[in-house]
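S.K.: let's see this in three dimensions:
(one chain, ligands or ions: 1)
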Amino acid sequence: YPLEITSESERNCYALLKKTSRSFAAVIMELNPELRNAIMLFYLVLRALDTVEDDMTIDPETKVPLLRTFDSKLLTKDWTFDGNGPNEKDRIVLVQFDQILIEYHKLKPQYQDVIKDITHKMGNGMADYINDKEFNLNGVATIKDYDLYCHYVAGLVGEGLTKLSVAAEFGAPSLIKDMYLSESMGLFLQKTNIIRDYKEDLDDGRSFWPKEIWGKYTPELVNFSKPENLKDGLDCISDLVLNALGHVRDVLVYLSLIYDNSTFNFCAIPQVMAIATLAEVFNNPLVFKKNVKIRKGTTCKLILNSRTYEGVLAIFSQYLRVIHHKCPVSDPNYLKIGIKCGELEQFI
Ligand SMILES: COc1cccc([C@H]2O[C@H](CC(=O)N[C@@H](CC(=O)O)C(=O)O)C(=O)N(CC(C)(C)C)c3ccc(Cl)cc32)c1OC
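M.R.: This is a model prediction of the structure:
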């Protein structure tokens, strides 16, 4: 679909998209025009929320009310925010937020309402965590807390995109009543990122690995960086990967319910990147040293092969086999991993 830019503000929004998301911007720009601007603006509003939440130089006295009222900024036409620290990566999205607002008000009211509703829920979820002393001190405690945190930062994104897709008749209406499928789309991506980001997050003085899982393998999360604890660390990664694989069935069902090709690609590409990343981090000592990334060549192959549902199934089948074969017999979750991979192979 040719990209017809019809205003200065629209041009500025696409420039913001390219600045804030490396590879994903291209996928959004190939979307069917019916949803392209709605999803582009949704992405930028979410990026703006993230930029507020992530900025540790913003006083909580300012940050918390700003997050809780962020959806009300969508009702204005000229709001901007220049309160981010000078080094905050995507601060430009808030400095130029008026450009997003001009384009946002041109959207169909139904699309505006979806974006405003998700912004309200996410902003308040983020604000709740900032005030949560237990969370700030000990991070994520139980698997239930892990799923709730991922719901606020990723599950809600899946919910919003599903409502936009169904409103545009690009996806099956059943996706609205079966919102757990959209939840899994978000949790699968977010849990994969959390497993991969072990080192990066610890260097930032935080971690999102749930203690209910890692506590089985070590008294202190930082111990996995020590060579003598490597085996325990790898067993912990297996446990986390097993938990993430619990969303794969829902992801594959969700993708089977998307009718529009460009929307399918938009949904499928991040999911195939995630299963490939899970296979990469599985039983991989480098996770405790750096951010493990899949190779550029693999990314290209994944994008090319995920244009059809059969292609996506083949990719998931391939990486589930990789995970199954990589699993050492000494891994306490060896049987559960084998059963989960077997189950999913059956489904595929
Ligand atoms: C039905 O649900 C979806 C369907 C398609 C894509 C996404 C999801 O995919 C990107 C993909 C993306 O943004 N990839 C990055 C690479 C990276 O950040 O690791 C990129 O390619 O730049 C992603 O990661 N997140 C961020 C969250 C996971 C927190 C939701 C995200 C943020 C905003 C939007 Cl509108 C969409 C997404 C969906 O969201 C669940």
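S.K.: so which bits of the stretch 151-300 of the chain are right by the ligand?
M.R.: 153-154, 157-158, 161-162, 182, 185-186, 189-190, 193, 266-267, 270 (Cβ under 6 Å from any ligand atom). (Glycine included, C-beta is placed from N, CA and C.)
S.K.: from residue 262, how far out is the residue lying closest to residue 34 once chain neighbours are set aside?
M.R.: Distances taken as Cβ to Cβ, 6 or more residues apart in numbering put residue 168 closest to residue 34, at 5.0 Å, once the chain neighbours are dropped. Residue 168 is 11 Å from residue 262, where distance means Cβ to Cβ, to the nearest Å.
S.K.: check which helices and strands the helix or strand encompassing residue 278 sits against.
M.R.: Applying DSSP states H and E as the criterion places residue 278 in helix 261-281. On a contact count with 3 or more Cβ pairs under 8 Å, 6 or more residues apart in numbering; DSSP states H and E, helix 261-281 meets helix 24-29, helix 180-196, helix 230-245, helix 248-256, helix 296-305, helix 309-326.
S.K.: now do 10 Å
M.R.: Applying 3 or more Cβ pairs under 10 Å, 6 or more residues apart in numbering; DSSP states H and E, we find helix 261-281 packed against helix 24-29, helix 33-54, helix 156-167, helix 180-196, helix 230-245, helix 248-256, helix 296-305, helix 309-326.
S.K.: quick one: stretch 337-348 to chain centroid distance?
M.R.: 24 Å (Cα atoms, centre = their mean, to the nearest Å).
S.K.: any buried residues in that stretch, and which?
M.R.: 337, 340-341, 344 (16 or more other Cβ atoms under 10 Å).
S.K.: in JSON lines: the helices and strands packed on helix 261-281, plus distance to residue 67.
M.R.: Putting the helices and strands packed on helix 261-281 into JSON lines (distance: least, Cβ to Cβ, whole Å) gives the following:
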{"stretch": "helix 24-29", "distance to residue 67": "23"}
{"stretch": "helix 33-54", "distance to residue 67": "6"}
{"stretch": "helix 156-167", "distance to residue 67": "13"}
{"stretch": "helix 180-196", "distance to residue 67": "18"}
{"stretch": "helix 230-245", "distance to residue 67": "27"}
{"stretch": "helix 248-256", "distance to residue 67": "28"}
{"stretch": "helix 296-305", "distance to residue 67": "33"}
{"stretch": "helix 309-326", "distance to residue 67": "35"}
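S.K.: now do the same for the residue nearest to residue 34: its pLDDT.
M.R.: With respect to pLDDT, residue 168 scores 98.
S.K.: ok, now the one 5 residues further on?
M.R.: For residue 173, the model assigns a pLDDT of 98.
S.K.: ok, for it, nearest residue in space, not its chain neighbours?
M.R.: Here the residue nearest residue 173, using Cβ to Cβ, 6+ apart, is residue 166, at 5.8 Å.
S.K.: and the residues of the stretch 151-300 of the chain next to the ligand, which two are the farthest apart?
M.R.: Largest separation among these by Cβ to Cβ: 162 and 193, giving 20.0 Å.
S.K.: where do the helices of the stretch 51-200 of the chain begin and end?
M.R.: 60-68, 70-73, 92-95, 97-104, 109-130, 133-138, 143-150, 156-167, 174-177, 180-196, 198-203 (DSSP state H, counting those that start in this stretch).
S.K.: least confident of these, on average?
M.R.: Across the helices of the stretch 51-200 of the chain, helix 133-138 gives the lowest mean pLDDT, at a mean of 92.
S.K.: counting contacts, what elements does that helix pack onto?
M.R.: Contacts defined by 3+ Cβ pairs under 10 Å, 6+ apart place helix 133-138 against helix 109-130, helix 143-150.
S.K.: can you tell which of the ones you listed is closest to the ligand?
M.R.: helix 143-150 (8.4 Å; Cβ to the nearest ligand atom).
S.K.: so how far is residue 238 from the residue in the chain sticking out farthest from the centre?
M.R.: The C-alpha centroid of the chain is most remote from residue 228, which lies 32.5 Å away (Cα atoms, centre = their mean). Going from residue 228 to residue 238 by Cβ to Cβ gives 19 Å.
S.K.: neighbours of residue 113, how many?
M.R.: By the criterion of other Cβ atoms under 10 Å, residue 113 has 14 neighbours.
S.K.: now residue 207
M.R.: Using other Cβ under 10 Å, residue 207 has 20 neighbouring residues.
S.K.: surely the residue nearest to residue 173 and residue 160 touch.
M.R.: No. Using Cβ atoms under 10 Å, residue 166 is not in contact with residue 160; the gap is 11.1 Å.
S.K.: what about those two, which has more around it?
M.R.: Using other Cβ under 10 Å as the criterion, residue 166 and residue 160 rank with residue 160 on top: 26 against 19.
S.K.: wait, that one sits on residue 35?
M.R.: No. At 11.7 Å, residue 160 and residue 35 do not qualify as touching, with contact defined as Cβ under 10 Å.
S.K.: shared neighbours of these two, anything?
M.R.: Common neighbours of residue 160 and residue 35 are listed as 42, 111 (criterion: Cβ atoms under 10 Å, 6 or more residues apart in numbering).
S.K.: thinking residue 257 is in contact with residue 251, fair?
M.R.: No. Residue 257 lies out of contact with residue 251 (Cβ under 10 Å); the separation is 11.1 Å.
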